[in-house]
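Peer 1: Kindly generate the corresponding structure for this input.
(4 chains)
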Number of protein chains: 2
Amino acid sequence: MTDGRTTLNQWADAGRCDLPRDTGTDQALSSTLIRGLEILALYSDSEISLSNSEIARRLGLNRATVSRLCKTLVHMGYLRRDPKGAFRLAPRILSLSYPVLAATRWRHRLVPPMRELAEMSGGNVTLAVMTDDQFVQIQNVGNPTSFPHVPESGVTGPLHRSASGRALLSLLEGQALFDKLAELRQKFPAEFESHAELTAASITRCRTEGFCTSYGDWRANIVAVSTPLGVTDDGLRVALSCGLPRFSAREEYVEKDLGPRMAEAAKAMRLMGPFVPGPAEPGRAAI
Amino acid sequence: MTDGRTTLNQWADAGRCDLPRDTGTDQALSSTLIRGLEILALYSDSEISLSNSEIARRLGLNRATVSRLCKTLVHMGYLRRDPKGAFRLAPRILSLSYPVLAATRWRHRLVPPMRELAEMSGGNVTLAVMTDDQFVQIQNVGNPTSFPHVPESGVTGPLHRSASGRALLSLLEGQALFDKLAELRQKFPAEFESHAELTAASITRCRTEGFCTSYGDWRANIVAVSTPLGVTDDGLRVALSCGLPRFSAREEYVEKDLGPRMAEAAKAMRLMGPFVPGPAEPGRAAI
DNA sequence: CATTTCGTTTCATATATCGTAATGCTTGTC
DNA sequence: GACAAGCATTACGATATATGAAACGAAATG
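Peer 2: Residues are numbered from 1 along each chain as shown, chains lettered A, B, ... in the order given. As a prediction, the model looks like this:
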């Protein structure tokens, strides 16, 4: 039996990593559009308002260029100006997300069991889907005031360094998993290496026991339990997770009680969503 | 006493409309960025998947141009490809919205009273904010399966042709209201005219009675009651609304019971949010 | 009041973007 | 199974367009 770190690297070795090694400016991509989107992506819960020069500095752009791009974004209604003249995200940006929310209407059917889990555990229960090298939360249930961060749709996190991410990885089959791991290893070499052991163990555990756990791997003060739900008919990989403040999460409770309960709940929830029948259930073959 | 239509036009006449009459392509705006964002904005709950040529047709662009823009959007993670090769919005688009949701964390405090209203009325209760010429819903409470459309954050609608919109307009003061009306009249001349009577009456009613109603003005089968909540410390105008399927909304109930209840609830909710003390309360001067 | 910082605009230049046309792929039909 | 038709993508030259330097006005800072 090899250790998890070796295993994960072997898996990643088996993946083709066709990232085109980022040859400076890719001729086939529209750089102006990229820059505009990068401006929108600069914002976060701790970065509410950004000045022209701040944006220019962060993205390494000329101030004049930023001025024009921001003017365009304001014109489109996705940015607005605050009293000081700096730029903020405008509420209209929500309208871009709406189609995704509408297309995942099945979330609503999963809310009651999610609420049960949230009340039972006192934590925050989320649905997350995989997008490229991240997970994105699409549904949150729980008491949102009790957490240091703001749990909402749109929260993103790393695939290889969080319970949600690892549960999502466990939904990948064979070559698809190898490819994804190869991609992650190339993009985040150091992180991949330092978390390889936990990631390998979590993927395996999701497949045998139906859940995995994480103690502050992503957010230092959050303990998380996550379980793979399945793949929807339009190809979204979905995981169910529960986050608890570290101080209120005894390890034995998490491992022996909450984890198995989550796996059990997931079993029922798989029948409530549009998940394609497949090898998503725990207890299946190793890879 | 003049009629409402005349009144609204007089108000609009008093507004400066500094829209630069759209002189073809504005040199100061980045057309590539605009086109890319227009692609993302094409999606809706009824347009889940769009092919390259479909996008090109709708936006009047060359197919080769669309191919490149979409490739860029896929590269950024905001679009993904479905099995047929067409483009869909990727879940990552949600991450752009997250900062707006996080910045309006006060919504959570308003959810309990919203839930009460939803259960009492059997309808769907929403918070909406103004952005340019639209409202955007930022919070939904109710039973989402009972409606023909999908109530979610990100739903947008017209300011001058919906209860939410009119309640938001009623939050504008003096010249700001005139300017907004002038803008709306220029952008939607026919609609503005045909709904002028109702819009004027609703704005006035919001200010005297604290709520307004709409019978299918926006969505044909939805009756809505809306009440202005106020302006937040960072300048967002917020309205509280309740939508009911038309068949279950007796006019007398809506006007004599639900409306006043909403206005009453709003009074309490104004103390729970970050609303700046100002002339948002009903009973204030005419304009 | 002087000085610095910042945001916007102007303008010439370089180049990134566009559209045509050709290629290659998939789909549908006989 | 072969052919045809439609569609998406790529290549490439022409051109419109985005860029960055510099200048300007405004606002904050000393």
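
Peer 1: helices or strands up against the helix or strand bottoming out on mean pLDDT in chain A?
Peer 2: Lowest mean confidence among the helices and strands of chain A (mean pLDDT, DSSP states H and E): helix A:4-13, at a mean of 82. With contacts defined as 3 or more Cβ pairs under 8 Å, 6 or more residues apart in numbering or on different chains; DSSP states H and E, the packing partners of helix A:4-13 are helix A:174-187, helix A:189-194, helix A:196-208. (Glycine included, C-beta is placed from N, CA and C.)

Peer 1: For the ones you listed, give me CSV that also has mean pLDDT, distance to residue A:257 and mean neighbour count.
Peer 2: Converted to CSV, those look like this (pLDDT from 0 to 100; distance: least, Cβ to Cβ, whole Å; neighbours: other Cβ atoms under 10 Å in any protein chain shown):
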stretch, mean pLDDT, distance to residue A:257, mean neighbour count
helix A:174-187, 92, 29, 19
helix A:189-194, 94, 29, 14
helix A:196-208, 96, 16, 21
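
Peer 1: Please identify which of these is closest to DNA strand C.
Peer 2: Nearest of the helices and strands packed on helix A:4-13 to DNA strand C, taken as Cβ to the nearest atom of the strand: helix A:174-187 at 17.7 Å.

Peer 1: Look up phi and psi at residue A:222.
Peer 2: phi -120, psi 130 (degrees, to the nearest 10).

Peer 1: which ones are touching residue A:131?
Peer 2: Neighbour list for residue A:131: B:77, B:80, B:90-92 [criterion: Cβ atoms under 8 Å, 6 or more residues apart in numbering or on different chains].

Peer 1: same thing but 7 Å
Peer 2: B:77, B:90-92 (Cβ atoms under 7 Å, 6 or more residues apart in numbering or on different chains).

Peer 1: Could you check how many residues crowd around the residue nearest to residue A:236 when sequence neighbours are not counted?
Peer 2: Of all residues not flanking residue A:236 in the chain, residue A:129 sits nearest, at 4.8 Å (Cβ to Cβ, 6 or more residues apart in numbering or on different chains). Residue A:129 has 26 neighbouring residues, counting by other Cβ atoms under 10 Å in any protein chain shown.

Peer 1: what's across from residue A:129 in the sheet?
Peer 2: Beta bridges link residue A:129 to residue A:136, residue A:238, judged by DSSP bridges.

Peer 1: Surely it touches residue A:234?
Peer 2: No: counting by Cβ atoms under 7 Å, residue A:129 does not reach residue A:234; the two are 10.8 Å apart.

Peer 1: Okay, residue A:227 and residue A:124: tell me how far apart.
Peer 2: 15 Å (Cβ to Cβ, to the nearest Å).

Peer 1: Please apply the same query to residue A:50.
Peer 2: 28 Å.

Peer 1: Looking at these two, which one has more neighbours?
Peer 2: For residue A:50 versus residue A:124, neighbours defined as other Cβ under 10 Å are more numerous around residue A:124 (25 against 22).

Peer 1: got the contact list for the more buried one?
Peer 2: Residue A:124 touches A:118, A:140, A:142, A:147, A:151, A:243, counting by Cβ under 7 Å, 6+ apart.

Peer 1: Are any of those residues buried, and if so which?
Peer 2: A:118, A:140, A:142, A:147, A:151, A:243 (16 or more other Cβ atoms under 10 Å in any protein chain shown).

Peer 1: Quick check, the first one in contact with residue A:141.
Peer 2: Translated: residue A:118. Yes: under the criterion of Cβ under 7 Å, residue A:118 makes contact with residue A:141 at 5.0 Å.

Peer 1: who touches both of those two?
Peer 2: In contact with both residue A:118 and residue A:141: residue A:125, using Cβ under 7 Å, 6+ apart.

Peer 1: Which residues of the stretch 101-250 of chain A lie near chain B?
Peer 2: Neighbours of chain B within the stretch 101-250 of chain A, by Cβ under 7 Å from any Cβ of the partner chain: A:101-103, A:105, A:108, A:129, A:131-132, A:136, A:138, A:144-145, A:150, A:152-156, A:234, A:236.

Peer 1: Show me what residue of the stretch 101-250 of chain A gets nearest to DNA strand C.
Peer 2: residue A:235 (15.2 Å).

Peer 1: Could you measure from that residue over to residue B:130?
Peer 2: From residue A:235 to residue B:130 the distance is 36 Å (Cβ to Cβ).

Peer 1: More neighbours: those two, which one.
Peer 2: residue B:130 (25 against 14).

Peer 1: In three-state terms, how would residue A:240 be classified?
Peer 2: Taken by DSSP: H, G, I helix; E, B strand; the rest coil, the conformation at residue A:240 corresponds to strand.

Peer 1: got a list of what it touches?
Peer 2: A:127, A:226-227, A:229, A:262, A:266, A:269.

Peer 1: The same query, at a cut-off of 6 Å, please.
Peer 2: Neighbour list for residue A:240: A:227, A:229, A:266 [criterion: Cβ atoms under 6 Å, 6 or more residues apart in numbering or on different chains].

Peer 1: Including distance to residue B:173, neighbour count and secondary structure, could these go into CSV?
Peer 2: Below are the contacts of residue A:240 laid out as CSV (distance: Cβ to Cβ, whole Å; neighbours: other Cβ atoms under 10 Å in any protein chain shown; DSSP: H, G, I helix; E, B strand; the rest coil):
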residue, distance to residue B:173, neighbour count, secondary structure
A:227, 52, 28, strand
A:229, 49, 28, strand
A:266, 52, 26, helix
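
Peer 1: Of the helices and strands packed on helix A:4-13, which is nearest residue B:14?
Peer 2: helix A:174-187 (56.6 Å; Cβ to Cβ).

Peer 1: Please report how far the nearest residue to residue A:212 once chain neighbours are set aside lies from residue A:196.
Peer 2: Spatial nearest neighbour of residue A:212, excluding adjacent residues (Cβ to Cβ, 6+ apart): residue A:202 at 3.6 Å. According to Cβ to Cβ, residue A:202 and residue A:196 sit 11 Å apart.

Peer 1: picking up where we left off before, and which of the buried ones among the contacts of residue A:124 is nearest residue A:70?
Peer 2: residue A:151 (29.5 Å).
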